[in-house]
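Engineer: build me a structure from this.
(chains A and B)
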Amino acid sequence: MLKHIVPGIQNVGHRVIESIWRLGRASRFFILVLLKSGTSLRRFNLVIRELYFTGVLSLIIIVVSGLFVGMVLGLQGYETLQKYGSESAVGTLVALSLVRELGPVVAALLFASRAGSAITAEIGLMKATEQLAAMGMMAVDPIARVVAPRFWAGVISMPFLAAMFSVMGVFGGYLVTVVFIGVDEGSYWSQMQSAVDFRFDILNGFIKSCFFGVAVTAIAVFEGYDAPPTAEGVSGATTRTVVTSSLAILGLDFILTAFMFRGVS
Amino acid sequence: MQRTTMDLWVGLFVITGIAALMVLSLKVGNLNVYNPSQSYVITGNFENIGGLKVRAPVKSAGVVVGRVTDIQFSTQTYDAVVTMSMDSRYLFPKDTFASILTSGLLGEQYIGLAAGGDGAMLKTGDKIMKTNSAMVLEEMIGRFLFDKAAEDDSF
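Structural biologist: Sure, this is the predicted structure:
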């Protein structure tokens, strides 16, 4: 009996200690990236190159899914609101749900699976093929040369992508409700404008997307850098990036929302 | 890929991102530059504010002329002190009547101002003397029942 219980408890303890070690390594790595990002800000063309891969190439998926999310919101919102005869409020519904929640969160989730996984796979494979070690041999710091530019590119592009997602969503809602269904165009925009506040809604959404950008790219670069240098290790790290950053986005979203909209009706 | 082509795409990306933020704040959010020097602050005591909330509009003749900035409870008079920030383009006489109204059947509550005939205008720090509380359903039903009972007694 005891023979079976003791290894089980040991297993639990081992896992807890291991995950705390990992968390500590991740925090140290994050601080190291921040400390060594001076080089990448001085040689900004390194960041521009990564901005192309993480930002510009994510545009298509962000724009298309933003459009469709907005269209669905408009359609569903119209279906519910017309029961109460207030279908002109559909603009408010679409804009508020996009700017406050869906824009930052869905854009970040897409960004994590589109760009975060790519960052992890790239850095992990660089490590597996000993490119990072070779850089270290040539006295080039791999964190300053490889990791920091990718981190900053992700942090910069995330708020822009979230804003584009929201704009495309509002446009998609406009397309469905005003152009196809025939809600009054004036009330669509004016109800939206009177309900959406710059400080409380747009600025808070922007701050959220900045937080998500930092979280997603920090997780992606850490998982890549920490991956076991095998094919299996890289694939596991890529999976973990998507899972961990999705969970981090949703958890952070709850915490940020609780801070931002507490007491504001 | 050529360095210049990449720069071009990234530049386009950043410009589109900033444009999206501008569209959000101007077209969706209607960012009006609210200058505190262009507004004046007045207060009003209400017996019952119902569901009035901070940032609710202050309207006169249906036009938004200000916003509720603060709601406090006064222990001196035991009523609600509502602070309003008014657009300085619109000045109201001292004997303006303020009441808490509801837009639509289930809509949000706002403060409606009906201008009086006094020559002197309200300015920062002034207090609206004539106020009307929000309608509370229970009180209305209670008053109705009371009236009904009084009617029955008279027979």
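
Engineer: what residue is smack in the middle of the chain?
Structural biologist: No chain in the question, so chain A it is. A:Ala108 (2.5 Å; Cα atoms, centre = their mean).

Engineer: wrong chain, I was asking about chain B
Structural biologist: Centroid-nearest residue in chain B: B:Pro57, 2.2 Å away (criterion: Cα atoms, centre = their mean).

Engineer: wait, that residue touches B:Arg67, no?
Structural biologist: Yes - contact status for B:Pro57 versus B:Arg67: in contact at 6.1 Å, counting by Cβ atoms under 8 Å. In short, each C-beta sits where N, CA and C put it, glycine included.

Engineer: what about the longest helix in the chain?
Structural biologist: This is for chain A. Across chain A, the longest stretch assigned as helix under DSSP state H is helix A:2-35.

Engineer: my bad, chain B
Structural biologist: Per DSSP H, chain B has its longest helix at helix B:3-23.

Engineer: show me where chain B has strands.
Structural biologist: B:39-46, B:57-60, B:63-74, B:79-87, B:97-102, B:109-114, B:127-128, B:130-132 (DSSP state E).

Engineer: okay if I get those strands as CSV plus distance to A:Ser97 and mean pLDDT?
Structural biologist: Shown next, in CSV, are the strands of chain B (distance: least, Cβ to Cβ, whole Å; pLDDT from 0 to 100):
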stretch, distance to A:Ser97, mean pLDDT
strand B:39-46, 31, 88
strand B:57-60, 22, 86
strand B:63-74, 24, 86
strand B:79-87, 28, 89
strand B:97-102, 25, 87
strand B:109-114, 23, 87
strand B:127-128, 37, 87
strand B:130-132, 36, 84
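
Engineer: state the pLDDT value of A:Val69.
Structural biologist: pLDDT recorded at A:Val69 is 95.

Engineer: tell me how many other residues surround it.
Structural biologist: 23 (other Cβ atoms under 10 Å in any protein chain shown).

Engineer: isn't the residue nearest to the centre of chain A up against A:Pro159?
Structural biologist: No - between A:Ala108 and A:Pro159 there is no contact under Cβ under 8 Å: 10.2 Å.

Engineer: find residues that contact each of those two.
Structural biologist: Overlap of the contact sets of A:Ala108 and A:Pro159 (by Cβ atoms under 8 Å, 6 or more residues apart in numbering or on different chains) consists of A:209, A:213.

Engineer: which one is the closest residue to chain A within chain B nearest to, not counting chain neighbours?
Structural biologist: Going by Cβ to the nearest Cβ, chain A is nearest to B:Gly17 of chain B, at 2.6 Å. Spatial nearest neighbour of B:Gly17, chain neighbours left out: A:Phe160 (2.6 Å); criterion: Cβ to Cβ, 6 or more residues apart in numbering or on different chains.

Engineer: likewise B:Asp70?
Structural biologist: B:Thr83 (3.9 Å).

Engineer: what is the burial count for that neighbour?
Structural biologist: Neighbour tally, B:Thr83, other Cβ under 10 Å: 15.

Engineer: residue contacts, it?
Structural biologist: By Cβ under 8 Å, 6+ apart, the neighbours of B:Thr83 are B:41-43, B:68-72.

Engineer: and if you look at A:Gly38?
Structural biologist: Residues near A:Gly38 by Cβ under 8 Å, 6+ apart: A:Ala144.

Engineer: go again with 10 Å.
Structural biologist: By Cβ atoms under 10 Å, 6 or more residues apart in numbering or on different chains, the residues touching A:Gly38 are A:144, A:148.

Engineer: low-confidence bits of chain A, can you list those?
Structural biologist: Residue ranges of chain A with pLDDT under 70: A:263-265.

Engineer: show me the helices in it, by range?
Structural biologist: With DSSP H as the criterion, chain A has helices spanning A:2-35, A:38-42, A:44-54, A:59-81, A:90-97, A:103-111, A:117-128, A:131-137, A:142, A:148-174, A:185-195, A:204-226, A:231-260.

Engineer: for the fourth one, buried residues please.
Structural biologist: When burial is assessed from 16 or more other Cβ atoms under 10 Å in any protein chain shown, helix A:59-81 yields the following buried residues: A:59, A:61-63, A:65-67, A:69-71, A:73-75, A:77-78, A:81.

Engineer: kindly report the same for the third one.
Structural biologist: Neighbour counts over helix A:44-54 (16+ other Cβ under 10 Å) mark A:46-54 as buried.
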